[in-house]
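Participant: Here you go, sequence then predicted model.
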Amino acid sequence: MAQSNISGKPGLIYIPTARYVPDGNMEIGLHFFPSNYGFNSDNQNPGRVLSMNLTVLPRFDININVLQLFSTASNPVKLGLGDRQLDFRYLLLKESKTRPSLAFITSTPTSISPTLLTHALVATKHFNVAKQWDAEVSAGYGSPYHVYRKGSTLDNYGLFANMAFEKKEAYAYHKRYLEGPFGGLSLTYRSKIGLMLEYDSQHINAGIYVKALKNWVIQAAVLNGDQITFGSAYNFSLLKQSRRMLSLGKYQAKPEMPARADADIINPGYRKLRGNFENVTWDSAGIISYEQRLNRNPFPALYQLKQLFADSVNMDFVPLFQGIPIAKYRLKEKLEVGEMSDAFRQRQKLRGKFPFHRNGYSLDFWIQPYFNAIFGNFDKPVQSNTSIAVQSQIFLLPGMSLDFGILFPIVNDLDNRPKKIRPAPVFLNQFYSRDHNHISASAGFFQNDQYGINIQYRRANLQRPWSFGVEAGVTGDYYYPNKGVYYGNMNNLLVILDAAYLLSNPDITFKVSGGRYLAGDTGVRLDMLRQFSNIEIGFYAMTTSNGSTIGFNFTIPLFSGKLLNSKHVRLRTATEFPWEYNYTRGYHIGERYRTGYQLDQKLRQYHSQYLNRQYGLK
């Protein structure tokens, strides 16, 4: 791990490098720049760049950065957040003993404020110069031309409309960033401290960086012998699995229990396992079925059971979702997926007596955050509608659940709806899965202030790359004013068809979808989704009759685990927090609502390839 440049890319101070970054590495950084060497102004305001860099494929990085200027008495700033860029870096050549690495870097042409746009080719070579000293030498060339949208953020034209290809010097706020040849050198001592010297195509800059912790870097530099810049970045791997999640938990010796009694299949000596698993049965055919609601990733539970039954080489494990079997897995040298017989399904159905939470289910409560945000003015750079809900779920029949809860508003800068304690989304959901056919049907009050009915169907073989789906729903608007609840007519029709393909290596899904969206617009959308160990991150582009946009989304766990736990009641954190950002706001482009879970995302977690890759990295 080493330092990143001003925009968050692997680099020195202002320049990028062709440094190799391991697959699955994520880095979050914050860098400050002085007024005379800034961006998006007449060199009168200092500012900062917040960035996130992710290696989504071996050799391929995606970088997101947001620029914000600081307001001064002499030069007040009205804009909350300025330039927002999406950059791509591809390593054309990996470094070898005789040749340097070579990377091509480009920004998307969708930006209206192109001061941080990067179109460059750069090479990097590493040398060992002394026993504990290493050197990194980079040289590159930045294009004097750029491609961007020449217009205003107040106009809703197509995402690629008003495209301009012109010399950088023609732009009103031209800063000559990475225009022409650039290069630099860094010297590192014991991978802990480094010195940097660079020519950024306009100035000579010098700096130092220090690795404060294992994954944390702090850096500072002097630009052209004139002003100081500094920043910090923290990185981590999204492919590493937590040892805590894979462990069996603390062992507590207890008296021996009958080995085949359903209530005692999970060894009573392991306190963690008994608190994590519900509806556990050991079938006469040697199949253990169970439900686990603490983690969105099903692999840790499979691996824990594999350790517990290490002596049983032919043991099969069947995870349940709302009491319905998803698939049958066997963990040998590789993770194998088998077919579930009709006899097993029938026996499982006979055990499904859910009223009053039989079969060892806890009355489950979890804390779920809700967050919707846009970029605002300088006083409120981020305007949001933020709430916290305490939600619960009761299983009524096999596959059928009632979700309900109470929502507590925290901040609302987006609209004039009152901040009042009110019901969280309340809905019935029926899940069904058999022979690669999967259905999720919901009715009630959903997220995004929609009520009505929604049906999702997916044809998905959890061992094959292709899957196909359709979603349809009829909903109306609802919200809670100061008194009572407001209902609109159920006249919002949503119909979306999709096809998805999972690459064989790594776990990246390409998905194309299209149809009629919530605001009545019709169009198509292309998604690229990468599954890491516990996090899913996606990037998308879409165009509808209301306009075009690009964006990203992620689904992350929130320190998943139990907060309070008794024999029949449990309070925990949410298994996941989903969030999506789009570049163009305010024009209702491809909007939709959530019904607790998306069927295609749920099934991706159980795909044999995704689980097998984690099994190989354990």
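Facilitator: Sure thing, it's come through.
Participant: and residue 509, how many residues sit next to it?
Facilitator: 22 (other C-beta atoms under 10 Å). For every residue, glycine as well, the C-beta is placed using N, CA and C.
Participant: oh, I was asking about residue 190
Facilitator: Using other C-beta under 10 Å, residue 190 has 11 other residues around it.
Participant: now the helices for the stretch 301-450 of the chain?
Facilitator: According to DSSP state H, counting those that start in this stretch, the stretch 301-450 of the chain carries its helices in the segments 342-350.
Participant: cool, and the stretch 501-618 of the chain?
Facilitator: Along the stretch 501-618 of the chain, counting by DSSP H, counting those that start in this stretch, helices occupy 599-604, 608-617.
Participant: wait, which of those helices is closest to residue 561?
Facilitator: When the helices of the stretch 501-618 of the chain are compared by C-beta to C-beta, helix 608-617 sits nearest residue 561, at 18.8 Å.
Participant: What lies in contact with the closest one?
Facilitator: In this structure, residues lying in contact with helix 608-617 by C-beta atoms under 8 Å, 6 or more residues apart in numbering are 239-241, 297-299, 302-303, 327, 329, 331, 334-337, 462-463, 502, 504, 506-507, 531, 533, 604.
Participant: again, but for stretch 330-339
Facilitator: So stretch 330-339 is in contact with 302-303, 306, 313-317, 327-329, 462-463, 608, 611-612, 615-616, going by C-beta under 8 Å, 6+ apart.
Participant: If we use 6 Å, what do you get?
Facilitator: 306, 316, 327-329, 463, 608, 611-612, 615 (C-beta atoms under 6 Å, 6 or more residues apart in numbering).
Participant: per-residue confidence averaged over it?
Facilitator: Averaged across stretch 330-339, the pLDDT comes to 89.
Participant: Tell me which residues of that stretch come out buried.
Facilitator: 330-331, 335, 337 (16 or more other C-beta atoms under 10 Å).
Participant: on that earlier part again, buried among the contacts of stretch 330-339? Need that as a selection in ChimeraX.
Facilitator: Per 16+ other C-beta under 10 Å, the buried members of the contacts of stretch 330-339 correspond to this ChimeraX selection:
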select :306,316,327,328,329,608,611,612,615
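Participant: which of the contacts of stretch 330-339 sit farthest apart?
Facilitator: 306 and 463 (19.1 Å).
Participant: Check the helices of the stretch 501-618 of the chain for me: which has the lowest mean pLDDT.
Facilitator: Averaged per stretch, pLDDT over these is lowest on helix 608-617, reaching a mean of 90.
Participant: Take the contacts of helix 608-617 and keep only those in strands.
Facilitator: 329, 331, 335-337, 502, 531 (DSSP state E).
Participant: Now do the strands in the stretch 151-300 of the chain.
Facilitator: In the stretch 151-300 of the chain, the strands defined using DSSP state E, counting those that start in this stretch lie at 163-167, 180-189, 193-199, 204-211, 216-223, 227-237, 277-282, 287-292.
Participant: looking at the ones you listed, which is closest to residue 455?
Facilitator: Here strand 287-292 is closest among those (C-beta to C-beta), at 23.4 Å.
Participant: With distance to residue 143 added, can I get the helices of the stretch 501-618 of the chain in TSV?
Facilitator: What follows is the helices of the stretch 501-618 of the chain, written out as TSV (distance: least, C-beta to C-beta, whole Å):
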stretch	distance to residue 143
helix 599-604	38
helix 608-617	38
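Participant: And these: which comes nearest residue 26?
Facilitator: Set against residue 26 and scored by C-beta to C-beta, the helices of the stretch 501-618 of the chain come closest in helix 608-617, at 16.4 Å.
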